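Trainee: Here's a sequence, model it:
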Amino acid sequence: MTSRTMTIQTNFSAGALAPHLAARTDVAAYAQGGAELTNVLGLPHGGVTLRGGLARFAEIPEGGDRARLLRFEFSTDQVYLLVVRPFAIDVYLPDGTRAASVATPYGAAEVAALAWTQSLDTLILVHPDHAPAKLVRQGSHAAWSLADIVLANVPKHDFGSGAEPVWSASRGWPRSVFLHQGRLYFGGSRARPQTIWGSRANGFFDFASSNDALDDEAVEITLDNDRVCAVQQLYALDALFAFTSGGLFARDAEAVVTPANFTFRRSSEVPTAAARPAEVDGSVLFIRADDGGHNTVYEVVYDYETQSHRAEDVALLAGHLMRRPVDMAARLGNESDSANHLFVVNGDDGTVAVLNSRKSQRMTGWTLLATGGRIVRVAVVGGVPYFLVRREIAGAARWFVERLDPAFRLDAAVRLAADAPLDVWDGLDAFEGATVDLVGDGAPLGAATVTGGRVETPYPVASLEVGFAFDWAVETMPVVTGGDGVGGGRHRVTRAAIRLHRAAGVRVNGRAVCARRFGDTLLDALPEPVTGVRTVRFLGWSGGREGGGATVRLTGSSRLPATILSVISEVAQ
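Mentor: A predicted model of the protein is given here:
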């Protein structure tokens, strides 16, 4: 006799769950996670929404394959995206204007090893093969300068032939840097990889010390351990952290730094990659070094029982989304969007794993961002995520900076406008020879091939977005019905009720739930988005065989909006 049960998934706050969790119905995250969450972002309330498009910001004419993206924020209304490429730093305004370009000594093989920290209008840059330098904004968008830092009272060390400066062309220069509590800290060098140096208090570039060891004098420590602990990065939050190849070291930030008490405690043996850590939702996160273990993202947490810090795998339930991460940046919630998102670039396939974190609501879940190109770097400037993307356009490899923008529907997108509706649009030379997708006046217009820098639309429109559409998918974990095994053996989903918010073009297990109906609505207009519950009934048996479990899978195209709040499944067994 057929029995029917209801399963209710009220949110997706646990994010995408690894395939190995298909049998772990006892884990609380199972009822709040998904088998797939691609090209959607987690909402702070628990639902998921279609990510915005990637709007074209700038094209990198040369050196894009070795470039990096840096944030420079001088004030709340003066922010810049820095594109560091071989032998140059390009300064971009938020509107995409390149305001300045500064020559640098960093070659193609050296850009990846740069580390930095900022104080007001000065960005301090370090590289193990170059003297520390400072990039200074000199009073306007177009006026910038880069020069070596003049360091006073450089520490000395006996390398075997008498005392000599600890930093030099022959001994190497600092590889990491951070500003904390009125001191400038340098971490590691080629000759002293495990040493951390701190400047005098309120004297960033002065490393003076004496036998008196006065409280405001420079400080120094070498991280001794039973393994090599080369300092990769320095960062400070509730403690001053040293991220090393041999683990995490921490120093309580509440203790005043003096030469007499400058000590660190090893908190974790997890080796750290050279990528810059990120801060999100009150925690510092870092990428584990690719040392033969699982290359993933760890969070530094404080253990009140042991009164120390430790590192925890923050992607434990979504390990399949960690595909050799190489870069990351965080976007913190603001008045218009309260979600905290961490963007982690995967080196293996150019996707981005996105963490939605709202600890106060017990929400920590991952989704996946994928595009038709390959994302290689990320930075967040002024609350806006920027990505460096490699794209094949008409058979040629090109490099673009693109920003994640909820107002766009396409990737690599540009938007054109006219005073009066047009059906022929030019100015698209950057897409020459490519087949692109079109969205006109908010409605999908299909695809067209750019010829002579032009495309033709099916009918005149006043605004046109040109780029590449992408697909999205939201799939529940296999439904749990009891009985023998996960999913209770042979069963099927007979009905699904989906709660939507301003969604159009959604398909559930292949069936449309927001399809346009014939009537007075014009077919060349954007379908009216649906808010509320839509129910779909299914025929036939599917899923549940050999304990596999049936799922509810929602799909759609970026051409139309979609926000999924909850899924209710009726299961026959």
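Trainee: CA atoms for contacts and neighbours, from now on please.
Mentor: Noted.
Trainee: Enumerate every residue touching the residue positioned nearest the centre of the chain.
Mentor: Closest residue to the average C-alpha location of the chain: residue 343 at 1.3 Å, with C-alpha atoms, centre = their mean. Counting by C-alpha atoms under 8 Å, 6 or more residues apart in numbering, residue 343 makes contact with 328-330, 352-355, 378.
Trainee: and those, which two are the farthest apart?
Mentor: Greatest spatial distance among these (C-alpha to C-alpha): 355 and 378, at 14.1 Å.
Trainee: The residue nearest to the centre of the chain: which element?
Mentor: Per DSSP states H and E, residue 343 falls inside strand 341-346.
Trainee: hang on, the earlier thing: JSON lines please, covering the contacts of residue 343 and showing secondary structure.
Mentor: As requested, the contacts of residue 343 are arranged in JSON lines below (DSSP: H, G, I helix; E, B strand; the rest coil):
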{"residue": "328", "secondary structure": "strand"}
{"residue": "329", "secondary structure": "strand"}
{"residue": "330", "secondary structure": "strand"}
{"residue": "352", "secondary structure": "strand"}
{"residue": "353", "secondary structure": "strand"}
{"residue": "354", "secondary structure": "strand"}
{"residue": "355", "secondary structure": "strand"}
{"residue": "378", "secondary structure": "strand"}
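Trainee: out of those residues, which one sits closest to residue 50?
Mentor: residue 354 (12.9 Å).
Trainee: quick one: strands adjacent to the lowest-mean-pLDDT helix or strand in the chain?
Mentor: Taking mean pLDDT, DSSP states H and E as the measure, the chain has strand 4-9 as its least confident helix or strand, at a mean of 81. Strand 4-9 has its sheet partners listed here by DSSP bridges as strand 563-572 (antiparallel).
Trainee: Outside of the partner strand itself, which residues are in contact with it?
Mentor: 2-12, 46-50, 479, 481, 491-503, 552.
Trainee: how about the strands in the stretch 401-550 of the chain?
Mentor: For the stretch 401-550 of the chain, the strands defined by DSSP state E, counting those that start in this stretch occupy 411-425, 435-440, 443-449, 455-468, 471-476, 492-503, 507-508, 511-512, 530-537.
Trainee: Please apply the same query to the stretch 101-250 of the chain.
Mentor: Taking DSSP E, counting those that start in this stretch as the criterion, the stretch 101-250 of the chain carries its strands at 115-119, 122-127, 130-140, 143-148, 156-158, 163-165, 176-180, 183-187, 195-198, 219-222, 231-236, 239-244, 247-252.
Trainee: before we move on, the earlier item: tell me how far the residue nearest to the centre of the chain lies from residue 240.
Mentor: Distance of residue 343 to residue 240, given as C-alpha to C-alpha, to the nearest Å: 23 Å.
Trainee: Let me know whether residue 56 touches residue 405 as I believe.
Mentor: No - contact criterion C-alpha atoms under 8 Å: residue 56 and residue 405 do not qualify, at 9.8 Å.
Trainee: More neighbours: which of those two?
Mentor: Using other C-alpha atoms under 10 Å, the more surrounded residue of residue 56 and residue 405 is residue 56, with 23 against 19.
Trainee: Apart from its chain neighbours, what residue comes closest to the more buried one?
Mentor: Among residues not flanking residue 56 along the chain, residue 402 sits closest, at 4.5 Å (C-alpha to C-alpha, 6 or more residues apart in numbering).
Trainee: how many other residues sit next to that neighbour?
Mentor: Residues near residue 402, counting by other C-alpha under 10 Å: 24.
Trainee: what's it in contact with, if anything?
Mentor: Residues in contact with residue 402 (C-alpha under 8 Å, 6+ apart) are 54-58, 386-389, 412.
Trainee: Can you lay out the strands of the stretch 101-250 of the chain as TSV showing mean pLDDT and mean neighbour count?
Mentor: Shown next, in TSV, are those (pLDDT from 0 to 100; neighbours: other C-alpha atoms under 10 Å):
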stretch	mean pLDDT	mean neighbour count
strand 115-119	95	19
strand 122-127	97	22
strand 130-140	94	17
strand 143-148	96	16
strand 156-158	94	12
strand 163-165	95	13
strand 176-180	96	23
strand 183-187	97	25
strand 195-198	97	23
strand 219-222	96	20
strand 231-236	96	25
strand 239-244	94	25
strand 247-252	92	22
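Trainee: I'd like to know which of those strands lies nearest to residue 204.
Mentor: Of all the strands of the stretch 101-250 of the chain, strand 183-187 sits nearest to residue 204, with 5.0 Å by C-alpha to C-alpha.
Trainee: Just list what the closest one packs against, helices and strands only.
Mentor: When contacts are defined as 3 or more C-alpha pairs under 8 Å, 6 or more residues apart in numbering; DSSP states H and E, strand 183-187 sits against strand 176-180, strand 195-198, strand 231-236.
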